[in-house]
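Undergrad: Sequence below, structure please.
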Amino acid sequence: MGNTVRRERVVRMSVEQPLWRALRGYRVLTMLYAIGLFASAYEVYDRPWIAVAYFAVLAGWTLATLPQVSGAGRCTKRFLTADLTVAAVGILLSPVAGHERAVNGGSTLPSIWTAGAVLAWALKGGWRWAATASLVVGVANVVQRGGLSRSTLHNVLLVCIASIAIGYVVEVARASERTLARALEIEAATRERERLARDIHDSVLQVLAMVQRRGNALGGEAAEIGRMAGEQEAALRALVAGGLTPASRASEDAAQGAVVRAVDEPDRSGDEGADGTGPCDLRPLLARHAGARVTFSEPGAPVPMRTDAARELAAAVSAALDNVRLHAGADAHAWILVEDDPDAVIVTVRDDGPGIPEGRLAQAEEEGRLGVALSIRGRLRDIGGTAELISTPGQGTEVELHVPKKK
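TA: The predicted model follows:
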C-alpha cells in the first residue's frame with residue numbers, strides 16, 4: 001500500500017500549479033514593465049497624474065492579490081471580475097491620460113499586464129471563461145481606439161487565441177487528473193480485494209477443502225459434512241472470483257499501468273521506516289519449511305529484504321508448497337532454492353510430482369480456484385516482483401519467484 005499512498009500524494013499536487021506559479025511571476029514582471037514603459041514616456045502624457053494614480057492602484061492590486069493567483073481554489077469569481085475591471089479601466093484611461101500613441105496603435109497603460117488578467121480566467125474556468133474575458137478586453141480596446149483597426153484586431157485575436165488554448169489545456173489536465181484519481185481508487189480497491197481473497201484462500205478455503213476430502217474418505221455422516229463443506233467451498237470461491245474475472249483483471253491491470261506511466265514516481269519503498277518496511281533476513285522465514293520432504297538451500301550470508309516484501313515472498317513460497325502437498329501426491333519431494341543476486345532475490349520452488357496438465361491453470365481460475373493467481377502471482381506483483389511457473393507433465397513443476405532489489 002506504500003506505493004499507492006505515494007501516488008495519491010502526487011495526484012494532490014495538481015498539474016495546474018506550475019501554470020499558477022508562472023502567472024504570479026508574469027503579473028509582477030508585466031506590472032514592472034508597464035510602469036517602466038510609462039516612466040520612459042512620461043513627458044508625452046498631457047495628464048500624467050492620471051497615469052500615476054492608475055499605476056499606484058495597479059501596483060498595489062498586483063502585489064496584494066498574489067495569494068489569490070496561487071491556485072484555482074483562492075481565485076474566486078469576485079476576484080477575477082475585479083481583476084478584469086482593473087485591466088479594462090486601464091485600457092479606457094489611456095487616452096484620458098493624454099497619451100496620443102494609445103489612440104494611434106501604441107500600448108495602453110496596463111500594456112501586456114492585461115493578458116495576465118485574461119489568463120487567470122483561463123486557468124480558473126477553462127476556454128469558455130477565457131473567451132469571455134478576451135471579449136471584454138477586446139471591446140475595451142475597440143472603445144479606447146475609437147474603432148476596429150488592423151492592429152487592434154491583431155492584438156485582440158492574439159490574446160484571445162492564446163488564452164483559449166491555455167484554458168483548453170487546463171481542462172484536459174483536470175480531466176486527466178480525475179482519470180488518474182479514479183485509476184488510483186481502482187488500484188487500491190483491487191489490491192485490498194486481492195489481499196482479502198488471498199487470506200481467504202490460505203485459511204478458510206483450505207480448511208473447507210480438507211474437511212471435504214476427509215469426510216469423503218471417512219464416509220457415513222462425515223461424508224455428508226464433507227459434501228456440505230464442498231458446497232460452501234464452491235460458493236465461497238465463486239464469491240471471491242466474482243470481482244476478479246479475467247476481463248476485470250485485464251482492465252484493472254491496464255489502469256494500474258496507466259497510473260505508473262502518468263505518475264512516474266521513483267519507488268523508495270526500500271527505505272527503512274516505521275511502517276514495517278525495514279530490512280530483515282529472508283532465510284529464517286523460509287527455513288521453517290525444511291523437513292523430510294522439503295529440502296531448503298540457502299546462501300551462506302544473510303539475504304536482506306524489506307520486512308513486508310520478505311513476508312509476502314515467504315507467503316508465496318508457502319502457497320507453492322501447499323500446491324505441492326495438494327496436487328503432487330503424498331510422496332512428492334520439494335526443493336527450495338534461495339539466490340541472492342546483485343539485482344534481485346530469486347526463490348525457486350521445485351517438486352518431483354506429476355506436473356500440471358496444459359490448460360489446467362486457466363481452467364482452475366474459471367472455477368474460482370485462484371491459488372496461483374492470487375496467493376503466488378498476486379503477492380509477487382504487490383511487491384514489484386514476478387512469478388513464473390514451468391511445468392512438464394510427468395517431470396514436476398517449478399515456480400520461480402523473482403523480486404528486484406530497489407536502488
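
Undergrad: Packing partners of the helix or strand V169 falls within?
TA: With elements taken from DSSP states H and E, the one containing V169 is helix 150-200. If you count contacts as 3 or more Cβ pairs under 8 Å, 6 or more residues apart in numbering; DSSP states H and E, helix 150-200 packs onto helix 2-12, helix 113-125, helix 127-145, helix 221-242, helix 246-263, helix 379-382. All C-beta atoms are positioned from the backbone trio N, CA, C, and that covers glycine.

Undergrad: May I see the buried residues of stretch 77-93?
TA: In terms of neighbour count (16 or more other Cβ atoms under 10 Å), stretch 77-93 has its buried residues at L80, D83, L84, V86, A87, A88, G90, I91, L93.

Undergrad: Then stretch 210-230?
TA: V211, Q212, G215, I225, G226, A229, G230.

Undergrad: Quickly note the distance from the residue lying closest to the third one once chain neighbours are set aside to E185.
TA: In other words, G215. Spatially, and ignoring its direct neighbours in sequence, G215 is nearest to G226 (2.1 Å; Cβ to Cβ, 6 or more residues apart in numbering). The gap separating G226 from E185 is 41 Å, by Cβ to Cβ, to the nearest Å.

Undergrad: What of V57?
TA: 47 Å.

Undergrad: cool, and V317?
TA: Relative to E185, and taking Cβ to Cβ, V317 is found at 31 Å.

Undergrad: For the two, indicate the residue with more neighbours.
TA: V317 (24 against 13; other Cβ atoms under 10 Å).

Undergrad: What helices and strands are in contact with the one helix or strand that one maps to?
TA: Per DSSP H and E: V317 is located in helix 307-327. In terms of contacts (3+ Cβ pairs under 8 Å, 6+ apart), helix 307-327 is packed against strand 279-281, helix 283-287, strand 334-340, strand 344-351, helix 379-382, strand 397-404.

Undergrad: Between strand 334-340 and it, find me the angle.
TA: With axes from the mean of the first three to the mean of the last three Cα atoms, to 10 degrees applied, the angle from helix 307-327 to strand 334-340 works out at 160 degrees.

Undergrad: now helix 307-327 and helix 150-200, what's the angle there?
TA: 50 degrees.

Undergrad: Quick one: mean pLDDT for helix 307-327?
TA: Taken as a whole, helix 307-327 has an average pLDDT of 85.

Undergrad: Buried ones in stretch 126-140, by neighbour count?
TA: For stretch 126-140, by 16+ other Cβ under 10 Å, it's G126, W127, W129, A130, A131, T132, A133, S134, V136, V137, G138, A140.

Undergrad: Which pLDDT does the model give the third one?
TA: Per-residue confidence (pLDDT) for W129: 91.
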